[in-house]
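> Predicted model and sequence below, questions to follow.
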Amino acid sequence: MRVLALAVLTLALAVPAGAQRAEPLPKELEGVGIEERPGAQVPLDAVFLDEDGKEVRLGELLNGKPTILTLVYYRCPMLCGLVLQGVLEGLKGLPATVGDEFNVVTISIDPLETPTLAKLKKQTYLAEYGRSGAAAGWHFLTGKQEQIQRVTNSVGFFYKWNEERQEYAHGAGIFVLTPQGKVARTLYGVLYEPRTLKLALSEAREGKSSLGEKIILYCFHYDANEGRYVVAASRIMRAGGALTALTLGGWLLVSWRRSRREAS
């Protein structure tokens, strides 16, 4: 029930660019979201710990290549896993292997998470990716709050901790960086088609920046008994987002079933 409630909330808050929101965001989501900042420079001197506990600077990991940046937290109940799974599926469809022509950097937004947890996540996704040599190109990082926020603020990724729920409220999206660490593209949601990733990486390699189609998904749990999800979802559909909602719903259902199988 909790997962299904989150799925409905995710659909309810998926707003295509140009659609009018019928009611303001809940207070728990005020100040949460992704602000597109093409051309913004990430702090290359930001310091983190890699999955082996080694201190690294963000610029070292870009290594002169376009880079996909994902901002998640490893204990996230659902949406972060969907983001990483979406990246993984997109990467599988690319001819180039991670680390050859581009890199992937995943940073936890939770300063309490550890390299041990980051290493477990890395092992899980690399095993499913199944390409040799990818370990050198996909980095899972943890760090201090100050360093995390330097990165999140630079790319326009805003989130906050909810003490009552003991989880982060945040949006879903990834950032494609140029070899110099500037934001080339922001890709929203949890589905990243190989063709889109290939184009974004190609543009980033050339130092180009552009705007993306803005459909923001939020990760936050609500009381399903309030009944506000169905109302919000129906309004979104009337605004023209029915196809988007159905697509995302199918993706969420498949991912939920997969996680249930893995758990069993």
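Structure's in. What do you need?
> For the stretch 1-150 of the chain, just list every one of the strands.
33-34, 47-49, 55-57, 67-72, 103-108, 138-141 (DSSP state E, counting those that start in this stretch).
> In TSV, list those along with mean neighbour count and mean pLDDT.
Any C-beta I mention is one placed from the backbone N, CA and C, and that applies to glycine too. What follows is the strands of the stretch 1-150 of the chain, written out as TSV (neighbours: other CB atoms under 10 Å; pLDDT from 0 to 100):
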stretch	mean neighbour count	mean pLDDT
strand 33-34	22	90
strand 47-49	19	99
strand 55-57	13	98
strand 67-72	24	98
strand 103-108	24	99
strand 138-141	26	99
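> Report the contact partners of Tyr129.
By CB atoms under 8 Å, 6 or more residues apart in numbering, the contact set of Tyr129 is Leu88, Leu91, Lys92, Val98, Trp138.
> State the distance from it to Thr142.
For Tyr129, the distance to Thr142 (CB to CB, to the nearest Å) stands at 21 Å.
> next one: Arg75
Taking CB to CB, one finds Arg75 at 12 Å from Thr142.
> and for these two, which residues touch both?
What both Arg75 and Thr142 touch, as defined by CB under 8 Å, 6+ apart, is the set Asp110, Glu113, Leu117.
> tell me the contacts of the closest residue in space to the first one that isn't next to it in sequence?
Excluding its sequence neighbours, the residue lying closest to Asp110 (CB to CB, 6 or more residues apart in numbering) is Tyr73, at 4.0 Å. The contact partners of Tyr73, by CB under 8 Å, 6+ apart, come to Cys80, Ser108, Ile109, Asp110, Glu113, Tyr168.
> same check, this time on Leu126
The neighbours of Leu126, taking CB under 8 Å, 6+ apart as the test, are Ala134, Ala135, Trp138.
> Just give the closest residue to the last one, not the sequence neighbours.
Here the nearest residue to Trp138 in space, its sequence neighbours aside, is Val104; by CB to CB, 6+ apart that works out to 4.4 Å.
> Bridge partners for the one you found, pull those for me.
Partner residues in beta bridges with Val104: Ile68, Trp138, with DSSP bridges as the criterion.
> just checking, it touches Ala96?
No: counting by CB atoms under 8 Å, no contact exists between Val104 and Ala96, whose distance comes to 11.8 Å.
> follow-up on the earlier one: and which of the contacts of Tyr73 is nearest Gly39?
Nearest to Gly39 among the contacts of Tyr73: Ile109, at 22.7 Å, using CB to CB.
> pLDDT value on Gln147, please?
Listed pLDDT for Gln147 reads 99.
> Excluding chain neighbours, give the residue nearest to it in space.
For Gln147, ignoring the flanking residues on the chain, the nearest one in space by CB to CB, 6+ apart is Ala46 at 4.9 Å.
> give me phi/psi at that neighbour?
Recorded main-chain torsions at Ala46 are phi -60, psi 140, according to degrees, to the nearest 10.
> What's the separation between it and Leu61?
Note on Ala46: its distance to Leu61, by CB to CB, is 10 Å.
> repeat for Val87
Using CB to CB, one obtains 16 Å as the distance from Val87 to Leu61.
> what sits opposite the nearest residue to Asp45 once chain neighbours are set aside in the beta ladder?
If you skip the residues right next to it in sequence, Asp45 has Arg57 as its closest partner in space, 5.7 Å away by CB to CB, 6+ apart. Taking DSSP bridges, one obtains Val47 as the residues bridged to Arg57.
> before we move on, what about Leu177?
Assessed by DSSP bridges, Leu177 has beta-bridge partners Thr67, Val183.
> wait, doesn't it sit right on Ala204?
Yes: under the criterion of CB under 8 Å, Leu177 lies in contact with Ala204, with a separation of 6.2 Å.
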